[in-house]
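> Provided below for reference: sequence and predicted model.
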Amino acid sequence: MRYSQMFIPTLKQSPADAEVVSHKLMVRSGMIRQLAAGIYSILPIGVRVLRKVEQIIREEMNRIGGQEVFLPSIQPAELWQESGRWDFYGKELLRLKDRNNREFCYGPTHEEVITDIVRKEIKSYRQLPLIVYQIQTKFRDEVRPRFGIMRGREFMMKDAYSFHTDIASTEETYEKMKQAYSNIFKRCGLDFKMVEADSGSIGGSHSHEFMVLADSGEDAIGFCDACDYASNVEKAAAKTPAPVTPPNALQKLKQVPTPGHKTVAEVAEFLKIPSRKIVKTLVFETEQGLIAGLVRGDRQINPVKLKNLIGCEWLKPAPESLITSQTGLPCGFIGPVGLDMKVYADHEVAQMYDFVTGANASDSHFTGVQTTRDLKIEKFGDLLRVAAGDPCPQCPAGTYKIKRGIEVGHVFILGTKYSEEMKANYLDADGKEKPMVMGCYGIGVGRTAAAAIEQNHDERGIIWPPAIAPFQVLVIPVNYADEATRSASDKTYQTLLDMGIETLLDDRPERLGVKFNDADLGGVPLQIIIGPKNLKEGQVEVKSRKTNASELHDFPAVLEKVPQILEGL
RNA sequence: CGGGAUGUAGCGCAGCCUGGUAGCGCACCUCGUUCGGGACGAGGGGGUCGGAAGUUCAAAUCUUCUCAUCCCGACCA
């Protein structure tokens, strides 16, 4: 393409509302423009990049037997009512009505639609397994869209769905998917980690996320510094604590005054004890009513683990007003001794003795509390939010490191959750009807591009990994009005195009500085700078955007070497 | 949904406190000079100041309501 004919509205200044680099650079380099909160128009350069990512995804999906489909974005409510998600999905689901007042939603994901097709068309075990995928825009009415295209409400996503006769076959595909995902993100030039993940509200037995490491990431991931264990912090397992033998003479339960001292830190200081001798009681609201979770005083509770331990639908920290109105207990002094609600405790609590808890009375705590003697625990489990330095659950010597990551991909084994709800059954070899076993596998296309920028940029702009760059080569004539420069530039442009290399020719009558700055902002990996001075010596300048290293090469001989140079980037 | 902030030209902002009918930088157009890392000079176009109502002789400025956007939190395949 000729730059003068392309629509690339670049900006010198970042828009005031852009927070993260990828957002700023995408706007500045003319890839995207915002239309409404979390809704973006994708301009030509942006489209080129997204298509690159999509194409890589397609190739890897096809390679493992995936077949592309294109599904409706507007979906009837009945389908969602059938799966039970019409009510469960909440306000994030954008609902609409047609002229006949029938209810629809704009699809935030397509499990229902694809399951509907498959249940109608697939009847026999002979037709399974089946892997289909789609790359389309979806819409989730996020409470708080942010970071540009990284967390938009409307977003481009690849979703794959697989259908199987049994779990073994599903797991086989799951493994292939993990491999395909690794290939995809590797090809996109990303530094990523595959981590264990909580399957969240989509349900299912197990799940992995693909995380691009970046400080701007919204998720925390924990990984071992010695072995290959890596997990979203939501899920990251704590090492089971070693059994502790308590002394023979245990303290007696005793109520002590702790006026005005509510937090663990305050109580620890006031009673002159370490915070690890305190048990924290946290009250949560669930659909089953209020429940309490216990962890050691110096620990943080992980609500996701608590939710999974209880097996409830949802769970959130109970507001103080609710606790007081329902139980009459003073916040800050709540403790598990004689507490009138279900109490769940972390494994570590089981190993504690002579500890301190709230006394369920204003301005006082209990000391000398013993788990087995004084507490009635519904269930013990791992409830910890792991922290850097905690021991690895998988290997003997390693410890946790914590980093932030951008979730670009997520794979799930769904099991029969949807197939049972929606009666997606098949007949097995014995003629018996069985529910299909399913998996689903998502990649955020726009987010992948954004993540690539988060990882590949400098103060001047984007540095595209060649595989997803909008163009491979940018030809920059120093002065396009100069006859010799012009013909050499045109020749370069045409020759590279003929070689099948995506090339952009900056034929604008701009000053060189302007072109250089736009070039660095836009991040095309290879720049070929052609000007009268070097041309007189029969040379042109070839410069890498990434390393900023530039070399003079003989012209036109260098053109043949361009593919090779690109390889080496 | 709670807390905070901001809406003035395409972008970034000043003006608002103390009412008098809108300004700066960049971008854009014209001419000239310049031309290997965001040039300079001269001239020019573009805004019913987010919207509505109110106060006032007079509102970008004061009051009320409303809408939008952003940030923090809660939430989130």
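Done, it's in.
> residue A:254 bridge partners, please.
Per DSSP bridges, residues listed as beta-bridge partners of residue A:254: residue A:367.
> ok, it touching residue A:368?
Yes - contact between residue A:254 and residue A:368 holds when scored by Cβ atoms under 8 Å: they sit 5.3 Å apart. From N, CA and C alone the C-beta is placed, and that goes for glycine too.
> okay, these two: which has more neighbours?
Neighbours were tallied for residue A:254 and for residue A:368 using other Cβ atoms under 10 Å; the higher tally belongs to residue A:368 (17 against 12).
> list the contacts of the more buried one.
A:250, A:251, A:252, A:253, A:254, A:354 (Cβ atoms under 8 Å, 6 or more residues apart in numbering).
> and for residue A:551?
The contact partners of residue A:551, taken as Cβ under 8 Å, 6+ apart, are A:541, A:542, A:543.
> out of everything not next to it in sequence, what's closest to the last one?
Nearest non-adjacent residue to residue A:543, counting by Cβ to Cβ, 6 or more residues apart in numbering: residue A:550, 3.7 Å away.
> check the gap between that neighbour and residue A:521 for me.
Look at residue A:550 and residue A:521: by Cβ to Cβ, to the nearest Å, they are 18 Å apart.
> between these two, who's got more neighbours?
For residue A:550 and residue A:521, the more surrounded residue by other Cβ under 10 Å is residue A:521, and the numbers stand at 20 against 13.
> who's the closest residue to the more buried one other than its chain neighbours bridged to?
Ranked by Cβ to Cβ, 6+ apart and with sequence neighbours excluded, the top spatial neighbour of residue A:521 is residue A:461, at 3.5 Å. Legend: beta-bridge partners of residue A:461 under DSSP bridges are residue A:458.
> could you dump the contacts of residue A:551 to a markdown table with distance to RNA strand B?
Formatted as a markdown table, the entries for the contacts of residue A:551 read as follows, by distance: Cβ to the nearest atom of the strand, whole Å:
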| residue | distance to RNA strand B |
| --- | --- |
| A:541 | 5 |
| A:542 | 10 |
| A:543 | 7 |
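> quick one, what contacts the residue nearest the centre of chain A?
With distances taken as Cα atoms, centre = their mean, residue A:407 lies nearest the centre of chain A, 1.6 Å away. Counting by Cβ under 8 Å, 6+ apart, residue A:407 makes contact with A:209, A:210, A:211, A:217, A:218, A:219, A:444, A:447.
> at 10 Å what do you get?
Remark: with contacts taken as Cβ atoms under 10 Å, 6 or more residues apart in numbering, residue A:407 is in contact with A:195, A:197, A:209-212, A:217-219, A:221, A:232, A:442-444, A:447, A:451.
> parallel or antiparallel, list what pairs with the host helix or strand of residue A:280.
Take DSSP states H and E as the rule and residue A:280 turns out to sit in strand A:279-286. Strand A:279-286 has its sheet partners listed here by DSSP bridges as strand A:289-296 (antiparallel), strand A:315-317 (antiparallel).
> report the buried residues of the last one.
Translated: strand A:315-317. Neighbour counts using 16 or more other Cβ atoms under 10 Å place residue A:315 of strand A:315-317 among the buried residues.
> check which element follows it along the chain.
Proceeding N to C from strand A:315-317, the next assigned helix or strand is helix A:320-327, under DSSP H and E.
> run the angle between the very next helix or strand once past that next one and strand A:289-296 for me.
The element immediately downstream of helix A:320-327 (helix or strand, assigned by DSSP H and E) is strand A:342-346. Taking axes from the mean of the first three to the mean of the last three Cα atoms, to 10 degrees, strand A:342-346 and strand A:289-296 form an angle of 30 degrees between their directions.
> and residue A:248, what are its phi and psi?
Torsion angles at residue A:248 (phi, psi; degrees, to the nearest 10) stand at phi -60, psi -40.
> do residue A:92 as well
phi -70, psi -20.
> what do you get for residue A:446?
Dihedral angles phi and psi of residue A:446 (degrees, to the nearest 10) take the values phi -60, psi -40.
> check residue A:449 too.
phi -60, psi -40.
> from residue A:544, how far off is it?
Here the criterion is Cβ to Cβ. By it, residue A:449 lies 21 Å from residue A:544.
> more neighbours, the two?
Neighbours were counted for residue A:449 and for residue A:544 using other Cβ under 10 Å; residue A:449 has more, 28 against 17.
> residues in contact with the more buried one?
By Cβ under 10 Å, 6+ apart, the contact list for residue A:449 reads A:22, A:26, A:31-32, A:42, A:46, A:49-50, A:52-54, A:149-150, A:156, A:188, A:408, A:464, A:468.
> let's see which of those residues end up in strands.
A:32, A:42, A:156, A:408 (DSSP state E).
> ok, and the most crowded of the residues you listed?
Ranked by the number of neighbours (other Cβ under 10 Å), these place residue A:408 first, at 29 neighbours.
> what does stretch A:245-259 rub up against?
Judged by Cβ under 10 Å, 6+ apart, the contacts made with stretch A:245-259 from elsewhere in the structure are A:266-267, A:270-271, A:332-333, A:337, A:351-374.
> where does the stretch 1-150 of chain A have low pLDDT?
With pLDDT under 70 as the threshold, the stretch 1-150 of chain A has no low-confidence stretch at all.
> residue numbers of it in contact with RNA strand B?
On the criterion Cβ under 7 Å from any atom of the strand, RNA strand B has as its neighbours in the stretch 1-150 of chain A the residues A:10-17, A:19, A:34, A:36-38, A:92, A:108-109, A:138, A:140, A:142-147.
> weed out the non-buried ones from the residues you listed.
Among these, those that count as buried by neighbour count (16+ other Cβ under 10 Å) are A:10, A:34, A:38, A:108, A:109, A:138, A:140, A:142, A:145, A:146, A:147.
> widest-spaced pair of the residues you listed?
A:10 and A:109 (34.6 Å; Cβ to Cβ).
> count the neighbours of the residue nearest to residue A:521 for me.
Residue A:461 has 22 neighbouring residues, counting by other Cβ under 10 Å.
> ok, it - contacts?
Residue A:461 makes contact with A:10, A:21, A:24-25, A:28-29, A:453, A:517-523, A:545, according to Cβ under 10 Å, 6+ apart.
> wait, is residue A:305 part of a strand?
No - assigned with DSSP: H, G, I helix; E, B strand; the rest coil, residue A:305 falls outside any strand and is helix.
> grab the nearest non-local neighbour of it.
The spatial neighbour of residue A:305 that comes closest, neighbours along the chain excluded (Cβ to Cβ, 6+ apart), is residue A:383 at 5.2 Å.
> just the element for residue A:485, please.
For residue A:485, the enclosing helix or strand under DSSP H and E is helix A:483-498.
> which bits of the stretch 351-500 of chain A sit near RNA strand B?
When proximity is defined as Cβ under 7 Å from any atom of the strand, the stretch 351-500 of chain A approaches RNA strand B at A:410, A:412, A:442, A:443, A:444, A:460, A:478, A:479.
> ok, the second one to residue A:187 distance?
Counting by Cβ to Cβ, the separation of residue A:412 from residue A:187 is 23 Å.
> equivalent analysis for the fifth one, please.
Counting by Cβ to Cβ, the separation of residue A:444 from residue A:187 is 16 Å.
> same check, this time on the first one
Computed as Cβ to Cβ, the residue A:410 to residue A:187 distance reads 18 Å.
> same question for the last one.
With the distance defined as Cβ to Cβ, residue A:479 ends up 38 Å from residue A:187.
> out of the contacts of residue A:461, who's the most crowded?
Compared across these, residue A:453 has the highest neighbour count, 29 neighbours, by other Cβ under 10 Å.
> list the contacts for that residue?
When contacts are counted by Cβ under 10 Å, 6+ apart, residue A:453 is found next to A:20-26, A:29, A:31, A:49, A:148-150, A:214, A:461-465, A:468, A:523.
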